[in-house]
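> here's a sequence, model it:
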Amino acid sequence: MNIDLRERLPLINRMSSSLKRRGPDGSGEYIKPYTALIHRRLSVIDPEKGKQPMQFGKYTIVYNGEIYNTEELRTELKSFGYEFETHCDTEVILKAYHKWKEKSCEKLNGIFAYAVWDDEEKELFLCRDRIGVKPLYYAEKDGIFAFASRIKTLLLVPEITAEVDEAGLNEIFMLGPAKTIGKAVFRDISELPPACYMTYSSGKKEIKEYWKLEAKTHTENEADTIAHTHFLVKDAIERQLVSDVPLCTFLSGGLDSSIISRVASDRSRKSGSILDTYSVDYVENDKYFKSSLFQPNKDSDFIDMISDYIGSCHHNIVLDNAEVARALIESTHARNLPGFTDVDSSLLLFCRAVKKQHTVALSGECADEIFGGYPWYHNKDILFEETFPWSRSTDVRQSIIKDGLLKNGEEYAHSRYLETVNKTSYLEGESKTERRMREMFRLNLDWFMQTLLVRKDVMSMESSLEVRVPFCDYRIVEYAYNMPWHIKSLDGREKGVLRKAFEDVLPYEITWRKKSPYPKTHNPVYFAEVCKMVQTVLDDTSTPLYEMLNTDKIRELMQNPDALSAPWYGQLMRGPQVLAYIVQIYWWIKDNDVRFV
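All right, here's what the predicted structure looks like:
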């Protein structure tokens, strides 16, 4: 199929516009008859000179992300005779590729998704960071190969359709808001997995993994492990504080964000400035808060304590509950899939408020997956169950859809579980518990953590805010994977080694505070607004969703949100969130004109 992309400029412009919120500070195109590279820029490093697409010899790059060992790589490349015209990491990646080709991705420490076009060989190289912090989707159909940071951008291409088959329905109803790595729910679209690169030339693609978790013997004693953990975490945070635009941190009053904010505040003080920190809450949330096993205390009790301790300038963003409900629609549009309900929508509103003053933020995501922070690591009744611990049964999921819609739903979910567990690397002779902890690490890395990372990237970048996640430094991930459980859970506590590593630089109450998840709204105003939105869904007989839902069960949930026998997903996704998820499915279908095949 002969296509001249110069004749598709209106389409190229629409695709560029679809990325504007991810990159509002500039745009660029590289267009040849057979290739079009589009870039939207959020300027963070070297705003004046770092424009893309960037060219060097026969190579042209488009790139999203941040590299945290830029200066080391720049120095190494200079030793080979390379010269640099900018201070940005884009030029370093491009010249690293020129020097080392596909091996260059192994040298990068950061969050990234990038493409390099070789105009002589007519070959495309795509690469994604080890942990999967930055998204990268692609589609190949009818002679077209397209890639983008957003699903929506690919759906603008006429050849790519918004069709969803039975596997896609299983992803939505049996696994969502999680999804299988490599899939994007839509039949025509795939995801480049984390830690992989792809070469594409003459209609042929090849995907290779350049990094994976491997079991290795942990040789350090307890004291050395604590010290090593402190070094790795502190080094990761300090590397991620580099920015030519205003930078802040998210501060919940929990252990992870407090560690990051303490290190960032110390760095700010040395440069003569004061760190800005941000937290999120909801109107009248204290009034309706009820302590539970999963959420034992309010963040607000601890935020002022740590902010005063580190000397930050703190900002508490208080969200309107009805607005959080209404933002379910906008957050679905941003993700292009049903998402994490109010956890998505509240983050979108929060990031939008932070963006008024800052362009870069650091956040404490992923410490729980890496250092064993979740209850399912510690509950022996759950630990050895042959299922996803955050979504232990498909019964709740099957209950909201009509009988027979997904006959193999449980089988589909379990097969995804087994595929993940079977990728786990062990050491010979390990105990049953140590083997299971490696499996749990793998499950959390590939599933729960990916859900949170997609949420954080999509909602922040939709607000034109870059959020960095220091605990996702691959060196920390590798180290923690091979740490014996009795050290990782020192003193019988979740994240025990991390607490011990930073107990001397944080207040005791913060260091040993029981884990509390991302704050959710407890205000009945939110639930009432969601119920109104669900009623709209139930009244609309024109969408395919109408024929899929068990309306009696959904009305029961509207009357009694506590009727679910177990959480839908994670710790807090219960009745109100299941109803919100239905709202998101509805608007996902309408927004993308989804067709089920």
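> residue 495 contacts residue 371, correct?
Yes - if you go by Cβ atoms under 8 Å, residue 495 and residue 371 touch, sitting 4.2 Å apart. Heads up, the C-betas are built off the backbone N, CA and C, glycines and all.
> name the residues contacting each of the two.
Taking Cβ atoms under 8 Å, 6 or more residues apart in numbering as the contact rule, residue 495 and residue 371 both touch residue 488.
> chain center to stretch 272-288, what's the gap?
Offset of stretch 272-288 from its chain centre (Cα atoms, centre = their mean, to the nearest Å): 22 Å.
> related to what we said a few turns ago, comparing residue 495 and residue 371, which residue is more hemmed in?
residue 371 (27 against 23; other Cβ atoms under 10 Å).
> just checking, the more buried one touches residue 500?
No - counting by Cβ under 8 Å, residue 371 sits too far from residue 500 to count as a contact (11.0 Å).
> residues in contact with residue 88?
Residue 88 touches 45, 46, 49, 50, counting by Cβ under 8 Å, 6+ apart.
> so who does the residue nearest to residue 217 when sequence neighbours are not counted touch?
Once flanking residues are discounted, residue 217 sits nearest to residue 427: 6.5 Å by Cβ to Cβ, 6 or more residues apart in numbering. Applying Cβ under 8 Å, 6+ apart to residue 427 gives the contacts 215, 216, 217, 434.
> out of those, list just those in helices.
residue 434 (DSSP state H).
> I'd like the contacts of residue 427 as CSV, with pLDDT and neighbour count appended.
Converted to CSV, the contacts of residue 427 look like this (pLDDT from 0 to 100; neighbours: other Cβ atoms under 10 Å):
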residue, pLDDT, neighbour count
215, 98, 16
216, 98, 12
217, 98, 7
434, 97, 16
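> what's the farthest-apart pair in the contacts of residue 427?
216 and 434 (12.9 Å; Cβ to Cβ).
> just the strands in the stretch 301-450 of the chain please.
Under the criterion DSSP state E, counting those that start in this stretch, strands of the stretch 301-450 of the chain are mapped to 313-319, 360-362.
> of all these, which one comes closest to residue 419?
strand 360-362 (32.9 Å).
> what comes up buried for the closest one?
Residues 360, 361, 362 are the ones in strand 360-362 that count as buried (16 or more other Cβ atoms under 10 Å).
> which secondary structure elements does it contact?
strand 247-250, strand 466-468 (3 or more Cβ pairs under 8 Å, 6 or more residues apart in numbering; DSSP states H and E).
> so which of these comes closest to residue 565?
The closest of the helices and strands packed on strand 360-362 to residue 565 is strand 247-250. By Cβ to Cβ, the value is 33.5 Å.
> got the CA coordinates for that closest one in PDB?
What follows is strand 247-250, C-alpha atoms only, in PDB (Å, rounded to 0.1, in the frame of the first residue of the first chain):
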ATOM      1  CA  LEU A 247       9.700  21.500  41.300                       C
ATOM      2  CA  CYS A 248       7.700  20.300  44.300                       C
ATOM      3  CA  THR A 249       6.800  17.000  46.100                       C
ATOM      4  CA  PHE A 250       3.500  15.300  46.900                       C
END
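> of all the residues in the helix or strand just after that strand, which ones are buried?
With elements assigned by DSSP states H and E, the helix or strand that comes after strand 247-250 is helix 255-270. Residues of helix 255-270 classed as buried: 255-266, 268 (neighbour count, 16+ other Cβ under 10 Å).
> next, the angle from helix 255-270 to strand 313-319.
140 degrees (axes from the mean of the first three to the mean of the last three Cα atoms, to 10 degrees).
> what about helix 255-270, distance to the chain center?
Using Cα atoms, centre = their mean, the distance between the centre of helix 255-270 and that of its chain works out at 22 Å.
> in terms of helices and strands, where is residue 139?
strand 137-141.
> to clarify, my last question referred to residue 205.
Counting by DSSP H and E, the element that carries residue 205 is strand 204-209.
> and that strand with strand 137-141, angle?
Using the same axes, to 10 degrees, strand 204-209 lies at 150 degrees relative to strand 137-141.
> I'd like the next helix or strand past strand 204-209.
Downstream of strand 204-209, the next assigned helix or strand under DSSP H and E is helix 222-239.
> for that next one, output the C-alpha coordinates as CSV.
Output of helix 222-239 as CSV, limited to C-alpha atoms (Å, rounded to 0.1, in the frame of the first residue of the first chain):
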residue,chain,number,x,y,z
GLU,A,222,21.1,-6.7,58.1
ALA,A,223,23.0,-3.5,58.9
ASP,A,224,24.6,-3.3,55.5
THR,A,225,21.2,-3.9,53.8
ILE,A,226,19.7,-1.0,55.8
ALA,A,227,22.6,1.3,54.8
HIS,A,228,22.5,0.1,51.1
THR,A,229,18.7,0.8,51.0
HIS,A,230,19.2,4.3,52.4
PHE,A,231,21.9,5.0,49.8
LEU,A,232,19.9,3.7,46.8
VAL,A,233,16.7,5.6,47.8
LYS,A,234,18.4,8.8,48.6
ASP,A,235,20.5,8.7,45.4
ALA,A,236,17.4,8.0,43.3
ILE,A,237,15.6,11.0,44.9
GLU,A,238,18.5,13.4,44.5
ARG,A,239,19.0,12.4,40.8
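> show me what it is in contact with.
68-69, 109, 218, 220, 259-260, 263-264, 267, 362, 470-471, 473, 475-476, 479-480, 483, 487, 490, 497-498, 500-502.
> what do you get for stretch 443-454?
Contact partners of stretch 443-454, identified using Cβ under 8 Å, 6+ apart, comprise 131-133, 135, 177-179, 181, 194, 213, 335, 340, 365-366, 368-370, 374, 388-390, 417, 420-421, 423, 469, 472, 477, 570.
> show me how far that stretch is from its chain's centre.
With Cα atoms, centre = their mean, you get 7 Å for stretch 443-454.
> quick one: terminal-to-terminal distance for it?
From its first residue to its last, stretch 443-454 covers 16 Å (Cα to Cα, to the nearest Å).
> identify each buried residue in it, please.
Using 16+ other Cβ under 10 Å as the test for burial, stretch 443-454 gives 443, 444, 445, 446, 447, 448, 449, 450, 451, 452, 453, 454.
> tell me which entries of the contacts of stretch 443-454 lie within helices.
Using DSSP H, 335, 368, 369, 370, 417, 420, 421, 477 are the members of those that sit in helices.
> so which of these is the closest to residue 58?
The shortest gap between residue 58 and any of those belongs to residue 477, at 34.8 Å (Cβ to Cβ).
> can you report how many residues lie near the spatially closest residue to that closest one that is not a sequence neighbour?
Of all residues not flanking residue 477 in the chain, residue 370 sits nearest, at 5.9 Å (Cβ to Cβ, 6+ apart). Residue crowding around residue 370 was assessed by other Cβ under 10 Å; the count is 24.
> next, the most centrally placed residue in the chain: secondary structure please.
Centre of the chain computed as the mean C-alpha position; nearest residue by Cα atoms, centre = their mean is residue 453, 1.1 Å away. Three-state assignment for residue 453 (DSSP: H, G, I helix; E, B strand; the rest coil): helix.
> just use 54 as the starting number from now, easier for me
Understood, numbering begins at 54; the last thing we discussed is residue 506.
> residue 633 versus that one, what's the distance?
To residue 633, residue 506 is 21 Å away according to Cβ to Cβ, to the nearest Å.
> which ones are touching residue 297?
Applying Cβ under 8 Å, 6+ apart to residue 297 gives the contacts 96, 97, 98, 99, 100.
> which SS state does the third one fall under?
Right, the one you point to is residue 98. Going by three-state DSSP: residue 98 is coil.
> quick check: it touching residue 145?
No - contact criterion Cβ under 8 Å: residue 98 and residue 145 do not qualify, at 10.3 Å.
> so residue 129 is in which element?
Residue 129 belongs to helix 123-132 when elements are defined using DSSP H and E.
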